[in-house]
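1. dropping the sequence and predicted coords here.
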Amino acid sequence: MTSDLIFDVQNVTLRFGGVTSLSSVTLQHRRGEILAVIGPNGAGKTSLFNSLTGVYQPQEGTITFNSASRGATSIIGKMPHSVARLGIARTFQASRLFNALTTFENIKVGVESGQKTGPIGAMLKLPRTRHEENASDERALELLEFVGLEHRLNTMADSLPYGDRRRLEIARALGTNPEVLLLDEPAAGTNPAEKSELTNLIRKIGREFGISVLLIEHDMRLVMALAERLYVLNFGSVIAEGTPDEIRANPAVIDAYLGSTDPDTAKESH
């Protein structure tokens, strides 16, 4: 069973002074799965993401990342850049694009983060450097097309419509060649048409790249349409886990979060 898990989180507790942000959280993310984490504001969702990516260091518990190429690795104690190199990529709740760069250049930043050319090779333009440069250009163009932004090749990031900015952030994360992609509220601020495009894109990421997806999202229509399983957090603790149908019918989840069994009306306010 463990070999089928890309993330195995066991009894993770995260405290900030006297405040407990995560309390004995256990979560298992299956390889190739689209998994969602939902819950009210302040439930600990982003704290969980930050713990999975090395931004926060939990005081208790274990977080194991099972890479298909590197095997099992403990995340706790590792810095974010080291976690990213393991094959874990993420987007953020607030946009963190390089606004002074084009869409193409933003994606190249992600692609080139995994290259091995050092400063000397870059200055001397050695053959390996030229090869990596050509390869990064090709990959950036492929990802622009994958997310539907090939027509915005030379557009500055700060002039993109909001939905395009969200897709660009995903493309840049994919440029790091991850095994798992963590999406922190990717649909925030998007309109219904953009949400539909985003839903299709996330499905395509799993289907065409075989990348596991872990999703935090407030929009219950999107979550229920995408997720194969869900975990529900409340006050830093897991209160439920199951399929979308099981979560819809769970009384504890309805009381704490959904307030309705209708996914069209069960949306948390921002």
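-> Received, thanks. Numbers count the residues shown, from 1 in each chain.
2. which phi and psi values does the spatially most central residue of the chain adopt?
-> The structure's the chain has its C-alpha centroid closest to Leu182; by CA atoms, centre = their mean the separation is 1.4 Å. Dihedral angles phi and psi of Leu182 (degrees, to the nearest 10) take the values phi -100, psi 120.
3. which ones are touching it?
-> 49, 52-53, 88-91, 213-216 (CB atoms under 8 Å, 6 or more residues apart in numbering). For the C-beta atoms, the positions are set from N, CA and C on the backbone; glycine is no exception.
4. surely Tyr231 is in a helix?
-> No. Applying DSSP: H, G, I helix; E, B strand; the rest coil, one finds Tyr231 to be strand, outside a helix.
5. looking at the contacts of Leu182, which one is closest to Gly17?
-> Closest approach to Gly17 among the contacts of Leu182 (CB to CB): Phe49, at 20.6 Å.
6. that closest one contacts Leu181, doesn't it?
-> No. With contacts counted by CB atoms under 8 Å, Phe49 stays clear of Leu181, the gap being 11.5 Å.
7. distance of Leu27 from Lys204?
-> 25 Å (CB to CB, to the nearest Å).
8. more crowded one of these two?
-> Neighbours around Leu27 and Lys204, counted as other CB atoms under 10 Å, are more numerous at Leu27. The numbers are 20 against 12.
9. quick check: the more buried one touching Tyr231?
-> Yes. The criterion here is CB under 8 Å, and Leu27 meets it with Tyr231 at 5.5 Å.
10. helix or strand right after the worst-scoring helix or strand of the chain on mean pLDDT?
-> Scoring the helices and strands of the chain by mean pLDDT, DSSP states H and E places helix 119-124 at the bottom, with a mean of 54. Remark: after helix 119-124, the chain's next helix or strand is helix 127-146, criterion DSSP states H and E.
11. give the buried residues for that following helix.
-> If you call a residue buried by 16 or more other CB atoms under 10 Å, then helix 127-146 has these buried ones: 129, 132-133, 136, 139-140, 143-144, 146.
12. can I get those in CSV including pLDDT?
-> Output for the buried residues of helix 127-146, formatted as CSV (pLDDT from 0 to 100):
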residue, pLDDT
Thr129, 66
Glu132, 73
Glu133, 77
Ser136, 87
Arg139, 93
Ala140, 93
Leu143, 96
Leu144, 95
Phe146, 96
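13. which one of the residues you listed is nearest to Thr13?
-> Leu143 (37.3 Å).
14. next one: the closest residue in space to the closest one that isn't next to it in sequence from Lys195, what distance?
-> Once flanking residues are discounted, Leu143 sits nearest to Ala171: 4.4 Å by CB to CB, 6 or more residues apart in numbering. Counting by CB to CB, the separation of Ala171 from Lys195 is 18 Å.
15. more neighbours: which of these two?
-> A count of neighbours by other CB under 10 Å puts Ala171 above the other of Ala171 and Lys195, at 24 against 19.
16. contacting residues around the more buried one?
-> Ala171 touches 103, 106-107, 110, 143-144, 146-147, 149, counting by CB under 8 Å, 6+ apart.
17. repeat that for 10 Å
-> Contacts for Ala171 (CB atoms under 10 Å, 6 or more residues apart in numbering) come out as 103, 106-107, 110-111, 140, 142-149, 201.
18. so which of these comes closest to Ser95?
-> Nearest to Ser95 among the contacts of Ala171: Asn106, at 10.9 Å, using CB to CB.
19. count of neighbours near that closest one?
-> 25.
20. and it, how far is that from Ser113?
-> From Asn106 over to Ser113 (counting by CB to CB), the distance is 12 Å.
21. show me the shaky parts of the stretch 151-270 of the chain.
-> The model of the stretch 151-270 of the chain has pLDDT under 70 over residues 258-270.
22. picking up where we left off before, out of the contacts of Ala171, who's nearest Asp255?
-> Set against Asp255, the nearest of those by CB to CB is Leu201 (33.2 Å).
23. in a helix, the closest one, correct?
-> Yes. Per three-state DSSP, Leu201 lies within a helix segment.
24. helices along the stretch 101-250 of the chain, start to end?
-> In the stretch 101-250 of the chain, the helices defined using DSSP state H, counting those that start in this stretch lie at 103-112, 119-124, 127-146, 162-174, 192-209, 220-226, 244-248.
25. what's the shortest one packed up against?
-> What it means is helix 244-248. strand 34-38, helix 220-226, strand 229-234, strand 237-242 (3 or more CB pairs under 10 Å, 6 or more residues apart in numbering; DSSP states H and E).
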